[in-house]
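Colleague: Show me how the following folds:
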Amino acid sequence: MKTPLRIFLALSLLGLLSACTIYVRPGSLSLGFRGSFDLSPTPIITRLEPDRGTGASYRPGERIRFVISLTQPGYVTLVSTEASGYSNTLGTYYLEAGTTLLPPPGQGTDYYLVDPSSPYGLERIRAIYTNTQPRGYLSIRGTFSNDEFNNQIRIYFERNLAQTRDVAESYFYVSP
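Modeller: This next block holds a predicted model:
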């Protein structure tokens, strides 16, 4: 292969690999993406937990808020997944760097309600971060396997031109 062609191919590959950044850290959501991404050890979402703490118990119909901390401003979409596997988008918000309670003030309500019909058991919360305004609303609604859910996030990232992305997960229990 001629040298100019090798240089062109190498630069093209480098461009593709540096086109996006996804931050994944141990203990967080394991994303099943196909392809290569520039992984960074520096998370944007440094904290995500229910207002009573990770692993706390809530009863159906109780109020709940989530504490989230970001190292830089951006857009966060919050998605819950019930014990049955049903997932639902709770909202997308622009947040400044620092610690915030979700939903943020001025969004119509100061809290979420644990769905009165929620099955008892583990409920996961995922925060999906992008540094640019999403192109359209991320609506995840339905029952998905973990791979199918991760595919929904992958599709969202493909539609969004953000170069900085992060996903974090926390959980709580719905109990009688």
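
Colleague: out of everything not next to it in sequence, what's closest to the spatially most central residue of the chain?
Modeller: Nearest to the geometric centre of the chain sits I128, at 2.1 Å (C-alpha atoms, centre = their mean). Once flanking residues are discounted, I128 sits nearest to T77: 4.5 Å by C-beta to C-beta, 6 or more residues apart in numbering. Heads up, the C-betas are built off the backbone N, CA and C, glycines and all.

Colleague: Look up which residues are beta-bridged to that neighbour.
Modeller: Going by DSSP bridges, T77 is paired in beta bridges with T92, I128.

Colleague: Distance of it relative to R59?
Modeller: 26 Å (C-beta to C-beta, to the nearest Å).

Colleague: between these two, who's got more neighbours?
Modeller: Per other C-beta atoms under 10 Å, whichever of T77 and R59 has more neighbours is T77, with 22 against 13.

Colleague: Would you map the helices across the protein?
Modeller: 3-17, 146-159 (DSSP state H).

Colleague: Can you flag the weakest of the ones you listed by average pLDDT?
Modeller: The weakest mean pLDDT among those belongs to helix 3-17, with a mean of 45.

Colleague: least trustworthy helix or strand in the protein by mean pLDDT?
Modeller: Least confident element among the helices and strands of the chain, by mean pLDDT, DSSP states H and E: strand 38-39 (a mean of 35).

Colleague: L101 contacts I64, doesn't it?
Modeller: No - L101 is beyond contact range of I64, at 10.6 Å (criterion: C-beta atoms under 8 Å).

Colleague: who's more crowded, those two?
Modeller: I64 (19 against 13).

Colleague: tell me the pLDDT at that one?
Modeller: 95.

Colleague: where does the chain have low pLDDT?
Modeller: Scanning the chain with the threshold set as pLDDT under 70 gives 1-41, 136-138.
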